[in-house]
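Student: heads up, no residue letters with this:
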């Protein structure tokens, strides 16, 4: 019986695979494949800019969950092995690595670069601020829980959400706490800022609106979803579109927290953060269907695109000039798609990344 | 396997999470408490299983005799064996049936603990599919992974040692009483192999699983104590040693010591070697204390073994007179 127990549990724990977001510049795309290779593509034809660059690590699993960030000539990538990698866009060669020796605990959420600082959250509960030029540490702030979101910078404030049920507002310069807000469940996605409010979906199945200056609760969504809010919500024209793991998109008035329309139901859970293209919200379900939600009618029709049936969509969508870029994956393969939202056609053939 | 994940495993996961809300969100404490609850809920089956196992072990010498007697007549052997089981009230399938009923419950609990220990975004998303629509469940996850001195997601050496040690204790209590050399060597193999293997494996498991194993083993030891009516094999070793020592004392180290020890082994069910007692050969009974020490100073026995110097009363410490 003991041996049966042992073997029954052998395959239940996942190796981190990651779902890298896509960084977009004027003429290039950058993404990390599931086998830990940085790929740079020409945006117009999907051709590689340079040979693929494997991010090798002796510190653990290279799995990228965040979005690579371009700063000057360098692409910055945060990895599950607890390191920040930089790669030169012009040459494809490696630049700085942080930390210089060893590694931190896993970095899940991704990083942001703002006004010369690199900011990211970590499994050790810290929000880190590094100098963007040489990756030296400027400050850290301990939240008490894992930080899986990308810090949001607005003015002189950094907003970070944590798995210990809290959202923090920190001073951008010093890293000291301005306020924190506590809900009944964990926050995993990056908060959303609009006007003087911060919005976030929570594991307690509600969406929250918090005053950005004081941290006081403005409202908690009236209706309760069926599962966790995982993907970052999107706000357009005073309406919040909050995707949920129950496969629904909840449509909530940003001022009052009331539903303005029936939730839109997709075919499967929604993990990928949606993107706005013109007045349409492009949303992808986990099972690989891509929908276009009309913000006038708050309805979707049939999917506008479908990725390979063996692949799923976890990575956030990104758009540029009417084209939505999709990073889809299975356990050991992944593909980059580029779809014109209006014509619903690929602008170039899907590019296998690994 | 959807039915399995959606049914028993989901039940265990949600039970663990809901229970943790009453235990300060501590996954470690929850693992211990739920293991205790399930163990005691299955006590009737466990008791039946232990009784069956013990009864089967006690019948082994008689079965061995039958096998010798009817070695050439398989049919008669089978008939006699069934007759023996009937007369003894023992069912060979008894312990197996109990174990079969318990197994799905243990597998479900084991798998649910593994899922709750998941540390990656993929693990957390996978876990979300198993959660029921209870507010307390959604709000508790992810659970705190710190317990006592260790992180439940990571391996821990002291916990791995505890896994091996508690497993050894549990096995020792139910190790059968036999002086048959072949059966004894098999028992010894089982006694040491499983704990060592598990202890070794536990060095690479998340310590949350080690915690589950230790809790389960401790509860089994407690149950065995009450079911068997004592410490079983653990006490036999100690009692046997006392029986053998007192036999040696009564013999005064004299010429009948070997006969005494043989009788003591028979009555206690363990050998002098098992009781960690070595009796020196009688050929040196004329040697003095100094000669004895010089002779044995380079002989090493396993730690804890007592050596009994076999000397006759007449020759103790004295050389025979030269003629």
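Tutor: Looks like it came in fine. Here the structure is a predicted model, which means the values were calculated and not measured.

Student: what does chain B put close to chain A?
Tutor: Residues of chain B lying near chain A by Cβ under 8 Å from any Cβ of the partner chain: B:99, B:102-103, B:106-107, B:110-111, B:114-115, B:117-126, B:128, B:131, B:133, B:135, B:138-139, B:141-142, B:194, B:198, B:201, B:206, B:209. (Each C-beta comes from the backbone N, C-alpha and C, glycine too.)

Student: So which of those residues are in strands?
Tutor: The strands, defined by DSSP state E, take in nothing from those.

Student: What subset of the residues you listed is buried?
Tutor: B:99, B:102, B:106-107, B:110-111, B:114-115, B:117-126, B:128, B:131, B:138-139, B:141-142, B:194, B:198, B:201, B:206, B:209 (16 or more other Cβ atoms under 10 Å in any protein chain shown).

Student: Which ones among the residues you listed map onto helices?
Tutor: The members of these that map onto helices under DSSP state H are B:99, B:102, B:106-107, B:110-111, B:114-115, B:121-126, B:128, B:138-139, B:194, B:198, B:201, B:209.

Student: now the stretch 51-200 of chain A, which segments are flagged as low pLDDT?
Tutor: A:56-60 (pLDDT under 70).

Student: Over to the stretch 101-250 of chain B?
Tutor: Using pLDDT under 70, the flagged stretches of the stretch 101-250 of chain B are B:176-183, B:234-250.

Student: Which pLDDT value belongs to residue A:222?
Tutor: Reading off the confidence values, residue A:222 has pLDDT 91.

Student: ok, now the one 5 residues further on?
Tutor: For residue A:227, the model assigns a pLDDT of 93.

Student: sec struct for the nearest residue to it once chain neighbours are set aside, please.
Tutor: Spatial nearest neighbour of residue A:227, chain neighbours left out: residue A:245 (3.9 Å); criterion: Cβ to Cβ, 6 or more residues apart in numbering or on different chains. The three-state label given to residue A:245 by DSSP: H, G, I helix; E, B strand; the rest coil is coil.

Student: Contacts only, for residue A:245.
Tutor: Going by Cβ atoms under 8 Å, 6 or more residues apart in numbering or on different chains, residue A:245 touches A:227-230, A:269-271, B:125, B:128.

Student: Among these, which ones are in helices?
Tutor: B:125, B:128.

Student: Tell me the confidence at the residue nearest to residue A:227?
Tutor: 96.

Student: go on, residue B:269?
Tutor: Reported pLDDT for residue B:269: 55.

Student: And residue B:49, by the same measure?
Tutor: At residue B:49, pLDDT is 76.

Student: just the one 10 residues further on next, same as before
Tutor: Per-residue confidence for residue B:59 comes out at a pLDDT of 74.

Student: ok, now how distant is the residue nearest to residue A:227 from residue B:28?
Tutor: From residue A:245 across to residue B:28, the span is 27 Å (Cβ to Cβ, to the nearest Å).

Student: again, but for residue B:35
Tutor: Distance from residue B:35 to residue B:28, by Cβ to Cβ: 11 Å.

Student: Spatially nearest residue to the closest residue to chain B within the stretch 251-354 of chain A (excluding sequence neighbours)?
Tutor: In the stretch 251-354 of chain A, no residue comes nearer to chain B than residue A:271, which is 6.6 Å away by Cβ to the nearest Cβ. Leaving out its chain neighbours, the residue that sits closest to residue A:271 by Cβ to Cβ, 6+ apart is residue A:314, at 4.7 Å.

Student: I'd like to know how many residues surround the one you found.
Tutor: 25 (other Cβ atoms under 10 Å in any protein chain shown).

Student: just residue A:136 next, same as before
Tutor: 11.

Student: which residues does it contact?
Tutor: Contacts for residue A:136 (Cβ under 8 Å, 6+ apart) come out as residue A:130.

Student: Appreciated, that's everything.
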